[in-house]
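A.B. asks: Have a look; sequence and predicted model below, questions after that.
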Amino acid sequence: MPVRVRLPAILRDLPGSRATVELAGRFDSVSDALDALWRVVPGVRDRVLTETGEVREHVQLFVGFESIRFTGGLATAVPEDAEIHIVPAVSGG
Amino acid sequence: MPTVRDLRVRQGQVLLMAGTSKGVFLFAAGPKRDKWERGGPQFAGSPTYALGSANGNGQRLFAGVENPFYGPSLRWSDDLGATWSDETASTLKFPEGAGVSLKRIWQIVPGVENNTLYAGVEPSALFVSHDRGKSWELVRGLFDHPHREKWMPGNGGQCLHTVLPHPTDPDRITVAMSTGGVYRTEDGGKTWRPRNSGVRVDFMPEKFPEFGQCVHKVVRHPGRPETLFLQNHGGLYRSDDGGDSWHDIAKGVPSDFGFCMAIHPHDPDVVYIVPLEASLFRCTPEGKMRVYRTRDGGKSWEALSKGLPQKDANEVVLRDAMAVDRLDPAGVYFGTRSGKVYASADGGGSWSLVADSLPPVLCVRAVVIGDPAKIRVPHAKGAVRRGVAKLKSKAKAVAKKKPLRSAARKLTRAR
């Protein structure tokens, strides 16, 4: 089963982007899965991570329903059929 | 230091306090509330997110003042804002070993019992005082809640911004935080349960979790304590069972996003909000400054715009920047991030500008000096008295069934 990445509406206008991107293969961590996502939709990277590779303050990443803030950050493990959600955080605006 | 303008507030007047990012400005007017004298700024340069007042041995005003260099402190005034206690008068801070430090005071609310006060703070926690604000205890039952590690900060910080003591039962307190949602205790603070059933979360994959909601404000009328109204980070809700369940009432508003909410002092079906366009564009929709009012408990909403700018008004009213007074007709007030304060002396029917060019307004509170029931409002038209007598008698009946017990004892036990 591929890993599916759900993108927020505001990032769907970028070239190659869409609501759900399916990533074939196995990924040890969220970081690995995101590297694969950048290859499909390169423009998303700078919207989600800072120049130094940290998740932007007002962006949240979930594996399933669990925020990676509580599960090891970008090193969080990604099960085979996982869904990764990229969601604008409650803050910002 | 700036010049601080003195303001002498007299009996029978309304004192309007605006906490801003640069201190507290005070305004006073007679019962007509049409001409406002101005004083302040008190605490010049210090953001003030919380203002409050409590009766009992004279009127005491409270301010949660955040000195940009030396941190937050609770201050009070026993002379209607002329002079204030210093930074050392209150012990409001986290106890040793809590592992966190006080960042901001968000809410100061009197409890049911004499001399009791509650403070909601950032990081999210509730404090209680039984001596009118001098000494404070952390309510451990909430602070030690297993959910706490998963409450996350919103744009305003990880704050407990709403405290609603039950008007007749000191053991029942409802709080709201952003994020985290609504929690309620029924045993004086010992245990707390999330009360968010039906409240939607747009910023998580799970849309109706047990907790984690970004609730912006909750209000209730003391005469109908089981009915609550909630302005969510996307969503307007009503509960008729004290928060056990919520249903959507966002029909007839231009947006269900907003921060502030206030309830009419004499009519539990009248609620005021200021919708903002969306989370991403937190400004009044269509460039129109409009307050929305329901007069039927959320079944319908009407725009109130008389006297408010209706062109190019990209305004924001923050969660505590709206208030009512207890006169009849009730005064309604709000302040904007652009530094304007508006007042309505007729329950929202028409508005006038009290002040312009203030620093960004963070909170607004209105206090009637004296007994509001004994103050005659000249030329008052259409005074709202609907159901007041009925509600008062109902509240008395509830109070008789369950006598007040000592919340102090319960809260101490909760540690």
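C.D. replies: Cool, the structure landed.
A.B. asks: Need the per-residue pLDDT for the residue of the stretch 101-250 of chain B found nearest chain A.
C.D. replies: Taking CB to the nearest CB, chain A has its nearest neighbour within the stretch 101-250 of chain B at B:Asn155, 3.6 Å off. No exception for glycine: its C-beta is placed from N, CA and C like everyone else's. For B:Asn155, the pLDDT comes out at 75.
A.B. asks: Please tell me I have it right and it contacts B:Thr179.
C.D. replies: No. Using CB atoms under 8 Å, B:Asn155 makes no contact with B:Thr179, being 10.6 Å away.
A.B. asks: The two - which one has more neighbours?
C.D. replies: Remark: of B:Asn155 and B:Thr179, B:Thr179 carries more neighbours, 24 against 16, as counted by other CB atoms under 10 Å in any protein chain shown.
A.B. asks: and residue 12, what is it in contact with?
C.D. replies: Since no chain was named, I'll use chain A. A:18-19 (CB atoms under 8 Å, 6 or more residues apart in numbering or on different chains).
A.B. asks: oops, chain B please
C.D. replies: Contacts of B:Gly12 (CB under 8 Å, 6+ apart): B:30-31, B:369-370, B:375.
A.B. asks: Need the buried ones from the residues you listed selected in ChimeraX.
C.D. replies: For the buried members of the contacts of B:Gly12, the matching ChimeraX selection, counting by 16 or more other CB atoms under 10 Å in any protein chain shown, is:
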select /B:30,31,369,375
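A.B. asks: Least confident secondary structure element in chain B?
C.D. replies: helix B:407-413 (a mean of 45; mean pLDDT, DSSP states H and E).
A.B. asks: What ranges in the chain fall below the confidence cut-off?
C.D. replies: Since no chain was named, I'll use chain A. A:91-93 (pLDDT under 70).
A.B. asks: Can you look at chain B instead?
C.D. replies: Looking at chain B by pLDDT under 70, you get B:56-57, B:380-415.
A.B. asks: Look up how far chain A lies from the residue nearest the centre of it.
C.D. replies: In chain B, the C-alpha nearest the mean C-alpha coordinate belongs to B:Asp320, at 5.0 Å (CA atoms, centre = their mean). Using CB to the nearest CB, to the nearest Å, one gets 18 Å for the distance from B:Asp320 to chain A.
A.B. asks: ok, the nearest residue to that residue once chain neighbours are set aside - how many residues close by?
C.D. replies: Counting by CB to CB, 6 or more residues apart in numbering or on different chains, B:Cys363 is the residue found nearest to B:Asp320 once chain neighbours are left out, at 3.9 Å. Using other CB under 10 Å, B:Cys363 is surrounded by 29 other residues.
A.B. asks: Who are the contact partners of B:Cys363?
C.D. replies: B:18-19, B:48-51, B:318, B:320-321, B:335.
A.B. asks: Run through the bridge partners of it.
C.D. replies: B:Gly19, B:Asp320 (DSSP bridges).
A.B. asks: What's the separation between it and B:Thr116?
C.D. replies: B:Cys363 sits 21 Å away from B:Thr116 when distances are taken as CB to CB, to the nearest Å.
A.B. asks: still on that earlier bit, which residues are common contacts for B:Asn155 and B:Thr179?
C.D. replies: A:Val90.
A.B. asks: what's next to stretch A:18-35, contact-wise?
C.D. replies: So stretch A:18-35 is contacted by A:2-7, A:12, A:36-37, A:40-41, A:45, A:48-49, A:61, A:63, A:68, A:73-78, A:80, A:84 (CB under 8 Å, 6+ apart).
A.B. asks: In helices, which of those appear?
C.D. replies: A:36-37, A:40, A:45, A:48 (DSSP state H).
A.B. asks: ok, B:Val24 touching B:Phe43?
C.D. replies: Yes. Contact criterion CB under 8 Å: B:Val24 and B:Phe43 qualify, at 5.7 Å.
A.B. asks: Can you work out which residues contact both of the two?
C.D. replies: Contacts common to B:Val24 and B:Phe43, judged by CB under 8 Å, 6+ apart, are B:63, B:65.
A.B. asks: still on that earlier bit, quick one: the residue nearest to B:Asp320 from B:Ile108, how far?
C.D. replies: 10 Å.
A.B. asks: Also B:Ser338?
C.D. replies: 25 Å.
A.B. asks: ok, those two, which is more surrounded?
C.D. replies: B:Ile108 (29 against 16).
A.B. asks: List the residues that contact the more buried one.
C.D. replies: By CB under 8 Å, 6+ apart, B:Ile108 lies in contact with B:50-52, B:62-64, B:74, B:117-119, B:133.
A.B. asks: at 6 Å what do you get?
C.D. replies: B:50, B:52, B:62, B:119 (CB atoms under 6 Å, 6 or more residues apart in numbering or on different chains).
A.B. asks: Just give me the neighbour total for residue 79.
C.D. replies: Because you didn't say which chain, this covers chain A. 12.
A.B. asks: Chain B is the one I meant
C.D. replies: Other residues close to B:Asp79 by other CB under 10 Å number 13.
A.B. asks: Then B:Pro47?
C.D. replies: Neighbours of B:Pro47 under the rule other CB under 10 Å: 22.
A.B. asks: wait, isn't it in contact with B:Lys22?
C.D. replies: No. Using CB atoms under 6 Å, B:Pro47 is not in contact with B:Lys22; the gap is 7.3 Å.
A.B. asks: Can you list phi and psi of B:Pro285 for me?
C.D. replies: phi -60, psi 150 (degrees, to the nearest 10).
A.B. asks: How about A:Ser67: what's its closest non-neighbour residue?
C.D. replies: A:Gln60 (5.9 Å).
A.B. asks: mind checking how far that neighbour is from B:Phe334?
C.D. replies: Per CB to CB, A:Gln60 is found 31 Å from B:Phe334.
A.B. asks: of those two, who's got more company?
C.D. replies: B:Phe334 (26 against 22).
A.B. asks: Tell me the secondary structure at the more buried one.
C.D. replies: Classification of B:Phe334 using DSSP: H, G, I helix; E, B strand; the rest coil returns strand.
A.B. asks: Enumerate every residue touching the residue lying closest to it once chain neighbours are set aside.
C.D. replies: Closest residue in space to B:Phe334, ignoring its immediate chain neighbours: B:Met322 at 4.3 Å, by CB to CB, 6+ apart. Neighbour list for B:Met322: B:260, B:262, B:334 [criterion: CB under 6 Å, 6+ apart].
A.B. asks: on that earlier part again, quick one: the residue of the stretch 101-250 of chain B closest to chain A and B:Ser300, what's the gap?
C.D. replies: 31 Å.
A.B. asks: same question, A:Ala36
C.D. replies: With CB to CB as the criterion, A:Ala36 and B:Ser300 are 50 Å apart.
A.B. asks: And for B:Tyr342?
C.D. replies: From B:Tyr342 to B:Ser300 the distance is 23 Å (CB to CB).
A.B. asks: Write out the residues of chain B neighbouring chain A.
C.D. replies: B:154-155, B:179, B:203, B:205-206, B:214, B:233, B:279-280, B:282 (CB under 6 Å from any CB of the partner chain).
A.B. asks: Just the buried ones from the residues you listed?
C.D. replies: Among these, those scoring as buried are B:154-155, B:179, B:203, B:205, B:214, B:233, B:279, B:282 (criterion: 16+ other CB under 10 Å).
A.B. asks: Adding secondary structure as columns, could you present the residues you listed in a markdown table?
C.D. replies: As requested, these are exported to a markdown table (three-state DSSP):
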| residue | secondary structure |
| --- | --- |
| B:Gly154 | strand |
| B:Asn155 | coil |
| B:Thr179 | coil |
| B:Phe203 | coil |
| B:Pro205 | coil |
| B:Cys214 | coil |
| B:His233 | strand |
| B:Ser279 | coil |
| B:Arg282 | coil |
